[in-house]
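Q: Sequence first, predicted model second:
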Amino acid sequence: MQTTIIRHLSQDPTMKNLVEKIPFRELSVNSKGVYLDLLGSIISQQLSTKVANVIAGRFIALFPDGQPHPELLLAKDIETLRTVGLSRQKAAYLQNVADFFQQENLLEKDWSDMGNDEIIQYLTQIKGVGKWTVEMILMFSLSRPDVLPLDDLGIRMAIAGLYDVTETGKAMHQKMNEIATIWQPYRSYACLYLWRHKDGA
């Protein structure tokens, strides 16, 4: 699989240059499942990794077995959740996720019968869960190989810099989608290279 992906991405000369310099990385390294990963994503929004980890640790400690099962999370009042460092809004968003997963009976769901766009449309019904968040879930929780998160600033900056994209707005999205066409069906892996390029790997 790794050889196939590398060979495919190397059809693009610019991507080939990244592939030759940056070690290959698999998707889904630390996934705890869609439910817990969604909670973690909400906790970490707009926070440094260090601060997010501290708050996540305090949040988990609120629950007897360290597992924020939906019914237990919904039983907590907002003020209790705020004691671990969460904003009122984030606390409400966490409970929105818990309520949705409980109502829809999703904890043990097999997501393989749903396409990427279906899952994005389905989970963004939850207030507090946006398209970018679900795209990260697709990539890192469900190991979907062909996701292109153009709402991600790092991805946009990397593509713009490497491919000299000067367009803005919808034209920029269209241009970047065109550039990424050659990466299909491994756009998620291309993004791993783009992120690490931007981070100076």
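A: On my side now, so go ahead.
Q: Any idea which residue is closest to the centre of the chain?
A: Residue closest to the average C-alpha location in the chain (Cα atoms, centre = their mean): residue 136, at 1.3 Å.
Q: My read is that that one contacts residue 144, right?
A: No. Using Cβ atoms under 8 Å, residue 136 is not in contact with residue 144, being 10.6 Å away. In short, each C-beta sits where N, CA and C put it, glycine included.
Q: circling back to that earlier point, what sits against the residue nearest to the centre of the chain?
A: 41, 149 (Cβ atoms under 8 Å, 6 or more residues apart in numbering).
Q: Numbering from 4 from now on, please.
A: Okay, using 4 as the starting number, the last item reads as residue 139.
Q: Tell me the helix or strand right after the helix or strand that contains it.
A: Element membership for residue 139, per DSSP states H and E: helix 134-143. For helix 134-143, the following helix or strand on the C-terminal side (DSSP H and E) is helix 156-166.
Q: CA atoms only: put that following helix into CSV for me.
A: Output of helix 156-166 as CSV, limited to C-alpha atoms (Å, rounded to 0.1, in the frame of the first residue of the first chain):
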residue,chain,number,x,y,z
LEU,A,156,-5.2,27.1,6.7
GLY,A,157,-2.1,25.0,6.7
ILE,A,158,-3.2,23.1,3.6
ARG,A,159,-4.2,26.2,1.8
MET,A,160,-0.9,27.9,2.6
ALA,A,161,1.2,24.9,1.6
ILE,A,162,-0.6,24.5,-1.8
ALA,A,163,-0.5,28.2,-2.5
GLY,A,164,3.2,28.4,-1.8
LEU,A,165,4.2,25.2,-3.7
TYR,A,166,2.0,25.7,-6.7
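Q: which residues are in contact with that helix?
A: 17, 21, 151-153, 168-169, 175, 179, 182-183, 194, 197-198, 200-201.
Q: how about a cut-off of 7 Å?
A: 17, 152-153, 168, 179, 182, 194, 197-198, 200-201 (Cβ atoms under 7 Å, 6 or more residues apart in numbering).
Q: Return the distance of it from the chain's centre.
A: Remark: helix 156-166 is offset 17 Å from the chain centroid, using Cα atoms, centre = their mean, to the nearest Å.
Q: ditto for stretch 103-121
A: That offset, for stretch 103-121, works out to 16 Å (Cα atoms, centre = their mean).
Q: Locate residue 112 within the secondary structure: which element?
A: Per DSSP H and E, there is no helix or strand for residue 112.
Q: Pull the contacting residues for it.
A: By Cβ under 7 Å, 6+ apart, residue 112 has no neighbours at all.
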